[in-house]
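[1] Sequence first, predicted coordinates after that:
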Amino acid sequence: MDLTQTLTPVVTIGLNQHPNRFDYSMTELNNLAEANHMKVVETLVQKLDKPDPATYFGKGKIEELTQVVIDDGVETIVANDELSPSQIRNIEKATKVRIIDRTGLILEIFANRAQSREAKLQVELAKLKYQLPRLHTSASQRLDQQTGTSSGGGFTNRGAGESQYELNRRTLENRITHVNHELKEAAKADQIKRKQRDRSETPTVALVGYTNAGKSTIMNGMINLYSDNDDKQVMVKDMLFATLDTSVRKLALPGHRHFLLSDTVGFVSQLPHQLVQAFKSTLAEAANADLLIQVVDNSDPHREMMIKTTEETLKEIGVDHIPMIIALNKADKMAVTYPTREGDNLVMSATDPASLKALGEMIKEKVFKDYQTRSLLIPFDKGELVSYLNDHANILKTDYRDSGTVITAELNGVDAKRFEKYLLQPNEPQ
Ligand SMILES: Nc1nc2c(ncn2[C@@H]2O[C@H](COP(=O)(O)OP(=O)(O)OP(=O)(O)O)[C@@H](O)[C@H]2O)c(=O)[nH]1
Ligand SMILES: [Mg+2]
């Protein structure tokens, strides 16, 4: 982040329709705004059963909002709920400043953060789909200019506006088709990569969970412990949506248990549907995993909601059949003993090596459960098999006989089958 960048002063607004989760959702909205280089100078809330169809807030509250905008030099209003095109138009008319809703805000964060070509395309697709039904509002005109997808300016008379609208719409639709096509190509390339990996039969484990739970911190801890290549660290930040691209690293647990660990984009409540769909291919890494590790910030009082949101989002992308470990993280912030394991749950801290080792043990147990101990007699002229075993299996014992090398090792299911014909016969002395 460019620290010299000035922060945009904003006011956040929200309707209290669900008292039990309202306060948290406003806190989260403010955090999201901060993650988007905004400074929240004021928050206005109103208790209403449902939003005013024309202006979201009631009339008096809109007047209050207009005054706050003037008094505090606010440049943008951020609304906690999704707004209709006419609500956007009316509030902008009353307050004379830009308004974006929660979905628009999340889309902006993703657009500013996306690094890889694929992430950029995915965000663009989500943004285009979000803009399409909002095309005739002034806010969408500005969004168009930001993404460069429109040839439209604001100063058109009504008749010209009609045709401008048609033109903008067609431009958006063409762009959607184009981006969809490019994404399909990128997904194909990914699939090939994944297939190659499948062929190498390396099991995959994916870290998933709510944003800021500690997924990337755990990833780095595991890289430190289980890879020779600890320069390949991923970015960690106390900020929502620090990670947007999936990173995959090859790690090895003791006993040559190689596996791939991937760090994925975090989830948040009310994650725009368009984004979830767009990020499906990034999340394919999770969808194809042999094991998921759901990371939870256990010190957060809203952890139950976070777990629920994560599980719902996983379901939305079709991932509800993969075995899962729950890593109840940030235990160091609580008065509890860690690491503590209970079934598939692990109370842990991402910065504690003992916790990471306990997590490694659980991965070993879940992913490498088909490992079997075998004693093999490898003839001396098959030296390449001995070196294969040295690299791929956990060798427990090696002995030399006249007829060859006797190796007792833990083998995975595939290797156990492959080496069946070298099994040391029970009548041969060990
Ligand atoms: N005290 C404490 N802080 C932690 C722990 N794990 C992570 N953190 C902090 O929590 C913040 C978020 O950590 P990340 O690893 O970036 O979280 P993430 O889940 O990857 O977040 P996104 O990429 O935004 O989805 C950082 O400031 C970390 O230092 C932990 O076990 N204990
Ligand atoms: Mg991360």
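    Good, I have the coordinates. Ligands and ions are numbered 1, 2, ... in the order given.

[2] Gln46 contacts Phe57, doesn't it?
    Yes - contact criterion CB atoms under 8 Å: Gln46 and Phe57 qualify, at 5.4 Å. The C-beta positions use only the backbone N, C-alpha and C, and glycine is treated the same way.

[3] Would you mind listing the residues touching both of those two?
    Common contact partners of Gln46 and Phe57 (CB atoms under 8 Å, 6 or more residues apart in numbering): Leu15.

[4] In terms of neighbours, single out the busier of the two.
    The neighbour count for Gln46 versus Phe57, taken as other CB atoms under 10 Å, is higher for Phe57 (23 against 19).

[5] got the contact list for the more buried one?
    Residues near Phe57 by CB under 8 Å, 6+ apart: 13, 15, 44, 46, 48, 51, 65, 91.

[6] If we ignore the residues flanking it in sequence, what's nearest the third one?
    Closest residue in space to Leu44, ignoring its immediate chain neighbours: Ile13 at 4.9 Å, by CB to CB, 6 or more residues apart in numbering.

[7] what's the helix or strand for the one you found?
    Ile13 belongs to strand 8-15 when assigned by DSSP states H and E.

[8] Direction included, what does that strand pair up with?
    As defined by DSSP bridges, the strand partners of strand 8-15 come to strand 38-46 (parallel), strand 76-79 (parallel).

[9] On the three-state scheme, the nearest residue to Ser349 once chain neighbours are set aside is what?
    Spatial nearest neighbour of Ser349, chain neighbours left out: Asp332 (4.2 Å); criterion: CB to CB, 6+ apart. Secondary structure, DSSP: H, G, I helix; E, B strand; the rest coil: Asp332 is helix.

[10] mind listing what Asp332 touches?
    Neighbouring residues of Asp332 by CB under 8 Å, 6+ apart: 338, 349, 351-352.

[11] What I need now is the residues you listed written out in JSON lines, including distance to Ala213 for each item.
    Formatted as JSON lines, the contacts of Asp332 follow (distance: CB to CB, whole Å):
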{"residue": "Tyr338", "distance to Ala213": "15"}
{"residue": "Ser349", "distance to Ala213": "12"}
{"residue": "Thr351", "distance to Ala213": "14"}
{"residue": "Asp352", "distance to Ala213": "16"}
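
[12] Out of those residues, which two are the most distant from each other?
    Pairwise distances across those peak at 11.0 Å for Tyr338 and Thr351 (criterion: CB to CB).

[13] the more surrounded of the two?
    A count of neighbours by other CB under 10 Å puts Tyr338 above the other of Tyr338 and Thr351, at 20 against 15.

[14] Skip the chain neighbours and tell me the closest residue to that one.
    Ala331 (3.8 Å).

[15] For Thr149, report the pLDDT, please.
    pLDDT recorded at Thr149 is 41.

[16] swap in Asn180?
    pLDDT, Asn180: 89.

[17] Can you give me the distance of it to ligand 2?
    Asn180 sits 27 Å away from ligand 2, going by CB to the ion, to the nearest Å.

[18] Please identify the helix or strand for that residue.
    Counting by DSSP H and E, Asn180 is found in helix 158-199.

[19] which other helices and strands contact that helix?
    helix 117-131, helix 284-287 (3 or more CB pairs under 8 Å, 6 or more residues apart in numbering; DSSP states H and E).

[20] can I get the CA coordinates of the strand holding Ile13 in PDB?
    Extracted C-alpha coordinates of strand 8-15, given in PDB (Å, rounded to 0.1, in the frame of the first residue of the first chain):
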ATOM      1  CA  THR A   8     -11.000   9.500   1.100                       C
ATOM      2  CA  PRO A   9     -13.300  10.800   3.800                       C
ATOM      3  CA  VAL A  10     -16.500   8.800   3.900                       C
ATOM      4  CA  VAL A  11     -19.600   8.400   5.900                       C
ATOM      5  CA  THR A  12     -21.000   4.900   6.300                       C
ATOM      6  CA  ILE A  13     -24.800   4.400   6.600                       C
ATOM      7  CA  GLY A  14     -26.800   1.400   7.600                       C
ATOM      8  CA  LEU A  15     -30.400   0.300   8.400                       C
END
